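Asker: pasting the structure only:
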């Protein structure tokens, strides 16, 4: 019997908050060390699809499975463990305003009792340095630059060593240089530690370069392409128009 | 005729609706508090040293940081209540029961009530604003996405910290109020009143102490629960924060007096 996929969407239709979807359901899977990229026109509800895949929203149809376990089967404790294994971060994820940058990063590991304080602190510092967010360790988030806050939020999520990292517009508040450095960091994590990345970035150049799977999402259809070649050879007008348009327009 | 029935219905219905809405509010608040404590116990926080960090932070804010304010109010109240009470009871010749009167009126009624009012205005409003802003800026959502249980991490420590702090500040406040009041009356009215200081400890029986502890912890718990409940009701607009703070303060005050009355009746019986 095959081992269950790390993440699996089975005939799933996302729970959409602002748009209506009239197309077919999505079936896809992702395993350790893969990069799944969500692309598609603006205002198509991509963020809601990402949240549903991350188990934050329940799907309106179908199922989402984590390590073979259905989202609908999980009890409270299993849900807690599932959340620890699947980190979700938006570009503007808020840190806890009453705790310093370092305390914020240490928070989840402290809360879940993963190691003693010294171990947690050293792990947090390593992550912060790796991400280049070490200018704001003792400051409260209100006094920290937005890009630094985002990096601290990423470090905080990675403290729990998740299997899957869901990123919603992660480059929104990073400048060109910081974006390049952050992409490099992500790819290193994927390659060296087998992190699975599900990313909604509207950055077609990045998608075409690194993605193992591409989800094209519009209000009328959802496609799952298992390779870039498959995406590029797609005959659908909406996909072709999107790729063409984006290539001309460049990354956002 | 139907018009008259409508007016009668409205007249009798109004108090009924008020009572029902108050009861529903009490039920929601109790459920909220029970769930918070259930999550705290379920996550084994009761046995975990780590979890006391948040409780202690709440005690420091509510109890320790409030000491200067409580000292000032205690000194003022010692004159307004204790000294005046001794003077009145003295003038009608009831010196024999003076210690009993002082412990019951100041120790069991005025002390806890004034300490609770300080707690409502200081800690209650701070909790609503704190949690409300966390909700508004999606800090709480960020924590939930890291599998941090909000009841366990943010709510229960506030409930327990406020309950312990209310007890501590009432003890401190009552001591200042009674001791300074007696000293003032000894200096300004009759030197024999100094003897009241020695008899104070003798009137505190075990049931009285128990009632004092239970009453204060219930007050503190209720004030923090109301504040947390309203803080967590903030949704999307910054205007909701002051609205919820106002509701929390008013509802805490109403429930404080209702609880005080009910506990008073229970003590009498």
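Answerer: Now that the structure is in, tell me what you want to look at. Bear in mind the structure is a predicted one, so any value in this text is a computation, not a measurement. Numbers count the residues shown, from 1 in each chain, chains lettered A, B, ... in the order given.
Asker: For the residue of the stretch 151-269 of chain B found nearest chain A, list the residues it contacts.
Answerer: Closest to chain A within the stretch 151-269 of chain B is residue B:153: 6.3 Å, counting by C-beta to the nearest C-beta. In this view, the C-beta of every residue, glycine as well, is placed from N, C-alpha and C. By C-beta atoms under 8 Å, 6 or more residues apart in numbering or on different chains, the contact set of residue B:153 is A:111, B:54, B:143.
Asker: Among those residues, find the one with the greatest number of neighbours, please.
Answerer: residue B:143 (22 neighbours; other C-beta atoms under 10 Å in any protein chain shown).
Asker: So that residue sits against residue A:96, correct?
Answerer: Yes. Judged on C-beta atoms under 8 Å, residue B:143 makes contact with residue A:96 at a distance of 6.8 Å.
Asker: Give me the common contacts of these two.
Answerer: With C-beta under 8 Å, 6+ apart as the test, residue B:143 and residue A:96 both reach residue A:107.
Asker: Now do stretch A:227-246, average pLDDT.
Answerer: Across stretch A:227-246, the average pLDDT comes to 84.
Asker: and chain B, which residues reach chain A?
Answerer: B:48, B:50, B:130, B:133-134, B:137-139, B:141-149, B:153 (C-beta under 8 Å from any C-beta of the partner chain).
Asker: Inside helices: which ones of the residues you listed?
Answerer: B:130, B:133, B:134, B:139, B:141, B:142, B:143, B:144 (DSSP state H).
Asker: Make CSV out of those and add pLDDT and distance to residue A:161.
Answerer: Shown next, in CSV, are these (pLDDT from 0 to 100; distance: C-beta to C-beta, whole Å):
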residue, pLDDT, distance to residue A:161
B:130, 95, 30
B:133, 96, 30
B:134, 95, 26
B:139, 95, 23
B:141, 94, 22
B:142, 94, 18
B:143, 95, 18
B:144, 94, 19
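Asker: Pull out the buried members of the residues you listed.
Answerer: The neighbour-count test (16 or more other C-beta atoms under 10 Å in any protein chain shown) marks B:130, B:133, B:134, B:139, B:141, B:142, B:143 as buried among those.
Asker: which residues touch the fifth one?
Answerer: Contact analysis of residue B:141 by C-beta under 8 Å, 6+ apart lists residue A:94.
Asker: Which elements pack onto the helix or strand containing residue B:25?
Answerer: For residue B:25, the enclosing helix or strand under DSSP states H and E is helix B:2-42. Applying 3 or more C-beta pairs under 8 Å, 6 or more residues apart in numbering or on different chains; DSSP states H and E, one finds that helix B:2-42 contacts helix B:156-188, helix B:206-231, helix B:240-268.
Asker: For burial, what's the neighbour tally of residue A:34?
Answerer: Residue A:34: 20 neighbours (other C-beta under 10 Å).
Asker: can you tell me which residues contact it?
Answerer: So residue A:34 contacts A:190, A:196, A:197, A:212, A:213 (C-beta under 8 Å, 6+ apart).
Asker: Now with 7 Å, please.
Answerer: A:196, A:212, A:213 (C-beta atoms under 7 Å, 6 or more residues apart in numbering or on different chains).
Asker: what's the burial count for the residue nearest to the first one when sequence neighbours are not counted?
Answerer: Just to be clear, that refers to residue A:196. Once flanking residues are discounted, residue A:196 sits nearest to residue A:164: 4.5 Å by C-beta to C-beta, 6 or more residues apart in numbering or on different chains. Neighbour count of residue A:164, defined by other C-beta under 10 Å: 23.
Asker: In this structure residue B:168 contacts residue B:63, no?
Answerer: Yes. Taking contacts as C-beta atoms under 7 Å, residue B:168 lies within contact range of residue B:63: 4.9 Å.
Asker: and the stretch 101-250 of chain A, which residues reach chain B?
Answerer: A:108, A:110, A:111, A:113, A:156, A:157, A:160 (C-beta under 7 Å from any C-beta of the partner chain).
Asker: which residues in the stretch 101-250 of chain A form strands?
Answerer: Counting by DSSP state E, counting those that start in this stretch, one finds strands in the stretch 101-250 of chain A at the ranges A:164-168, A:196-200, A:213-217, A:222-225.
Asker: and the closest residue to residue B:237 other than its chain neighbours, what is it in contact with?
Answerer: With sequence-adjacent residues excluded and distances taken as C-beta to C-beta, 6+ apart, residue B:237 is closest to residue B:136, at 7.8 Å. With contacts defined as C-beta under 7 Å, 6+ apart, the neighbours of residue B:136 are B:234, B:238, B:241.
Asker: What of residue A:242?
Answerer: Here residue A:242 is in contact with A:39, A:40, A:41 (C-beta under 7 Å, 6+ apart).
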